[in-house]
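Trainee: prediction below, plus the sequence it came from.
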Amino acid sequence: MSALIESTRFSVLDRSRTREGRPAAEALRDTVRLAEEAERLGYHRFWVSEHHGVPGVAGSAPTVLAAAVAAATRTIRVGTGGVMLPNHRPLVVAEQFGVLESLFPGRVDMGLGRSVGFTDGVRRALGRDKDDAEDFAAQLAELLGWFEGTSPTGAHARPAEGLRVPPFVLAMGEGAVIAARAGLPMVIGDLRGREKMLRGIDRYRSAFRPSPWAPEPHVVVSGTIAVAATEEEARRLLVPEAWSMAHARTHGTFPPLPPAERVASLAMTAKERGFYEAGLRGHLAGTAEQVARELETVLKETGAQEVLVTTSTYDRAALVDSYRRLAALFTA
């Protein structure tokens, strides 16, 4: 097996995707169960995400869900991918991660993003607008200051102050430069836009400034990886998410994941079909041997230290099997 793959860390980001006909509570419990399985399989981190008002996603409170994941596991690192900093006051985020790190010392990561709400209604409910993302660099500096005890207000974040909770920046567009100037590790995706990803990584590395948080650039690449006994089965894993994305792009609502067989029976419009077929392309999907070859190429091109896998599908047993087959590549 590949020495490069074996020397790379692999981690999981689970979005707590809901499934047709199943309650949101089940999606959250599935996330916790998947974390337990990821720990047994040897994955390095398990992260959860933040989405508001999305029918197809149950994970709206990532630090709360991260606490449940950490309580159900023993060794795997736990964190967020990410907390959307424009939606929160940096002091509150520092306090939440300070509590997590105090309860689960040495296991907590702080993944941070700059997106605001998915729709205008959600943004209004959060008291935010699209322009709030432009303040991300300042919000990030304020957040790190609460851990370092350098807040200009003279107040203190308890119990965060003095703790070391590794921060990561989810980099889209200008996020790569923000991560570099702050001297923080960067998470960049997705694997389908390889050229755009490589440009972002180059910008990050060229602009990186060493900091107490990271002495040198640290790149985590993220994306969907589906591994199955056959190429056809692996492609089938991609179908539910591809259709949900196509539906979101044409109807403005991201729905729960449908079974792959139901998607196959749909009469799609030309526009839906175009988005759906685009959603199936570019992922790392196939047999273990096929995925290993593609992973080798990705790792050589990017020089990434870590891969964050973000696969979602309707069939939970098939999803777990995919993670199991992938783990066999880096634990061989």
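Mentor: Sure thing, it's come through.

Trainee: residues of the helix ranked longest in the chain that come out buried?
Mentor: Using DSSP state H, we find that the single longest helix of the chain is helix 231-251. Within helix 231-251, the residues that count as buried by 16 or more other CB atoms under 10 Å are 233-249. Just so you know, the C-beta spots here come from the backbone N, C-alpha and C atoms, and that holds for glycine as well.

Trainee: residues of the lowest-mean-pLDDT helix or strand in the chain that come out buried?
Mentor: Lowest mean confidence among the helices and strands of the chain (mean pLDDT, DSSP states H and E): helix 120-126, at a mean of 72. By neighbour count on 16+ other CB under 10 Å, the buried set for helix 120-126 is Val122, Arg123, Leu126.

Trainee: next one: stretch 199-208
Mentor: Gly200, Ile201, Arg203, Tyr204, Phe208.

Trainee: what's the host helix or strand of Ala327 packed up against?
Mentor: Per DSSP states H and E, Ala327 falls inside helix 316-330. Under the contact definition 3 or more CB pairs under 8 Å, 6 or more residues apart in numbering; DSSP states H and E, helix 316-330 sits against helix 3-6, strand 9-14, helix 24-41, strand 225-227, helix 231-251, helix 288-302.

Trainee: flag the shaky bits of the protein, pLDDT-wise.
Mentor: 1, 117-120, 129-134 (pLDDT under 70).

Trainee: just list the residues touching the residue located most distally from the centre of it, thanks.
Mentor: When distances are taken from the C-alpha mean of the chain, Gly154 lies farthest, 33.9 Å away, according to CA atoms, centre = their mean. By CB atoms under 8 Å, 6 or more residues apart in numbering, no residues touch Gly154.

Trainee: would CSV of the helices and strands packed on helix 316-330 with distance to Arg181 be doable?
Mentor: Shown next, in CSV, are the helices and strands packed on helix 316-330 (distance: least, CB to CB, whole Å):
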stretch, distance to Arg181
helix 3-6, 29
strand 9-14, 24
helix 24-41, 32
strand 225-227, 30
helix 231-251, 32
helix 288-302, 20
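
Trainee: nearest to Ala264 among the ones you listed would be which one?
Mentor: Each of the helices and strands packed on helix 316-330 was scored for nearness to Ala264 using CB to CB, and the closest is helix 231-251 (7.4 Å).

Trainee: how many degrees apart are that closest one and helix 316-330 in direction?
Mentor: On the basis of axes from the mean of the first three to the mean of the last three CA atoms, to 10 degrees, helix 231-251 is oriented at 120 degrees to helix 316-330.

Trainee: how far out from the middle of the chain is helix 231-251?
Mentor: 18 Å (CA atoms, centre = their mean, to the nearest Å).

Trainee: and it, what other elements does it pack with?
Mentor: Against helix 231-251 (3+ CB pairs under 8 Å, 6+ apart) you get strand 225-227, helix 260-264, helix 270-280, strand 284-286, helix 316-330.

Trainee: helix 288-302 and the longest one, what's the angle between them?
Mentor: Just to be clear, that refers to helix 316-330. Using the same axes, to 10 degrees: helix 316-330 against helix 288-302 is 60 degrees.

Trainee: likewise the third one?
Mentor: Here helix 270-280 runs at an angle of 80 degrees relative to helix 288-302 (the same axes, to 10 degrees).
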